[in-house]
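Visitor: Show me how the following folds:
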Amino acid sequence: MSYTIEEIAKSLGAQALGDLSLEIDAVSEPQDAGPRDLALAMKPDYAEALPKGGALAAVLWDGADFESFGLKAAIIPARPRYAMSGLSKQFDPGEGFAGGVHPSAVIDEGASIGKNVSIGPLAIVAKGARIGDNTVIGPQAYVGTNATLGQGCFIREGVRICARTTLGDRVIVQPGAVIGGDGFSFVTPQESAVERTRSTLGDQGESESQHWERIHSIGSVVIGDDCEIGSNTAIDRGTIRNTEIGNRTKLDNLVHIGHNVQIGEDCLICGQVGMAGSTRIGNNCVFAGQVGINDNIFIGDNVIAGGATKIFTNVPQGRVILGYPAVKMEQHVEGYKAIRRLPRLMKQVAELQKAVFKGGDTD
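Guide: Numbers count the residues shown, from 1 in each chain. You can find the predicted model right below:
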């Protein structure tokens with residue numbers, strides 16, 4: 001599908017310059033762009049690559065002289081990076097899933113299927129499941145007993161949505177994610193060594209052999225509207241109360257959300273983040289890759305945690321943290337600088353010791 005420069009600019013709410021009738025088939029990086037591609041040269045550094053390609057039009061920054069780059073047209077959005085959201089949506093070719101219900105799909109007669117729903121090859125929809133209008137269920141996906149999917153959801157290949165799970169409207173679930181598996185909950189008949197160690201912070205007392213009994217997860221998972229769940233992410237159902245994820249929160253690939261966790265709205269959770277059970281997360285939090293979060297703690301609104309941060313205690317709202325264990329980011333950076341200076345400092349101390357001992361020897 002092709003769009004004119006004028007149509008693209010209008011959809012983005014951006015300024016258009018030059019030949020507005022120029023037709024565009026795709027977006028491209030500047031050095032790879034052809035004459036029917038829209039080059040993404042949103043900064044002067046990116047524009048340096050324009051001569052290496054053959055673009056006739058580009059997305060540029062405010063104040064750029066498009067003609068100086070040999071272009072016939074340009075689009076100038078107010079916030080160029082934000083324009084990527086609209087552009088990528090407009091030119092996304094999709095996954096190629098066919099409409100309707102594939103003959104190999106298995107749909108229980110007790111399931112409720114809305115209007116204009118697409119269900120792909122070998123997908124399974126169990127008894128009591130409710131699928132909202134305009135939802136797409138990809139090949140080999142599974143929707144469990146009494147699960148509910150809202151309107152306009154997009155469930156990719158091989159997703160597992162377990163029994164009693166609820167997804168809001170327009171939720172996107174990437175391939176291989178599992179939502180609603182049992183939580184990791186086990187208990188011993190008597191107080192375990194782990195429990196004693198937790199209270200003593202080191203001494204486990206007399207060790208004795210004990211077996212672990214599972215605690216069944218009879219809660220569920222509730223995910224709000226406009227959320228996105230990354231590939232191979234696992235979200236455990238609650239033990240008694242539900243595991244909950246707020247509206248518009250986005251989870252990257254390989255994220256693990258433990259049982260009973262409550263996550264607020266508009267959070268961004270990057271790859272390999274792990275949240276232990278019963279943690280509560282506020283709104284607008286950002287956790288970079290490999291952040292680990294202890295169980296039964298609270299993290300306030302607008303907290304940002306840098307990559308590989310390990311959070312063991314409550315974090316007040318608005319805090320920016322980094323490190324293991326987590327501290328204020330500026331404190332961690334200063335501490336790291338001090339560690340790098342230690343070898344030189346130790347050498348200076350050794351030289352001072354040598355000088356002192358030498359100076360004190362009067363025999």
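Visitor: use CA for all of it now, contacts and neighbours both
Guide: OK.
Visitor: got the contact list for residue 322?
Guide: The contact partners of residue 322, taken as Cα atoms under 8 Å, 6 or more residues apart in numbering, are 305-310, 328-329, 332.
Visitor: and with 10 Å instead?
Guide: 288, 291, 304-311, 328-333 (Cα atoms under 10 Å, 6 or more residues apart in numbering).
Visitor: and it, what are its bridge partners?
Guide: Taking DSSP bridges as the rule, residue 322 bridges to residue 327.
Visitor: Residue 110 versus that one, what's the distance?
Guide: Noted for residue 322: a distance of 50 Å to residue 110, by Cα to Cα, to the nearest Å.
Visitor: Repeat that for residue 92.
Guide: Distance from residue 92 to residue 110, by Cα to Cα: 35 Å.
Visitor: And these two? Which one has more around it.
Guide: residue 110 (14 against 11; other Cα atoms under 10 Å).
Visitor: hang on, isn't the more buried one packed against residue 125?
Guide: Yes: with contacts defined as Cα atoms under 10 Å, residue 110 counts as touching residue 125 at a distance of 9.4 Å.
Visitor: which residues do the two both contact?
Guide: Counting by Cα under 10 Å, 6+ apart, the residues touching both residue 110 and residue 125 are 145-146.
Visitor: ok, now which ones touch residue 86?
Guide: Going by Cα under 10 Å, 6+ apart, the list of residues near residue 86 reads 8, 11-13, 92.
Visitor: Now do the domain split for the protein, please.
Guide: 3-90, 106-322 (automatic domain parsing).
Visitor: next one: the last one to chain centre, how far?
Guide: For domain 106-322, the distance between its averaged C-alpha position and the chain's averaged C-alpha position is 12 Å (Cα atoms, centre = their mean, to the nearest Å).
Visitor: Check the first one too.
Guide: Taking Cα atoms, centre = their mean, one finds domain 3-90 lying 28 Å from the centre of the chain it belongs to.
Visitor: Residue 120 is in contact with residue 139, isn't it?
Guide: Yes: using Cα under 10 Å, residue 120 is in contact with residue 139, at 4.4 Å.
Visitor: Can you check which residues contact both of these two?
Guide: Common contacts of residue 120 and residue 139 (Cα under 10 Å, 6+ apart): 97, 102, 104-105, 156-157.
Visitor: And the residues you listed, which two are furthest apart?
Guide: The distance between the two most remote of the shared contacts of residue 120 and residue 139 (Cα to Cα) is 16.7 Å, for 104 and 156.
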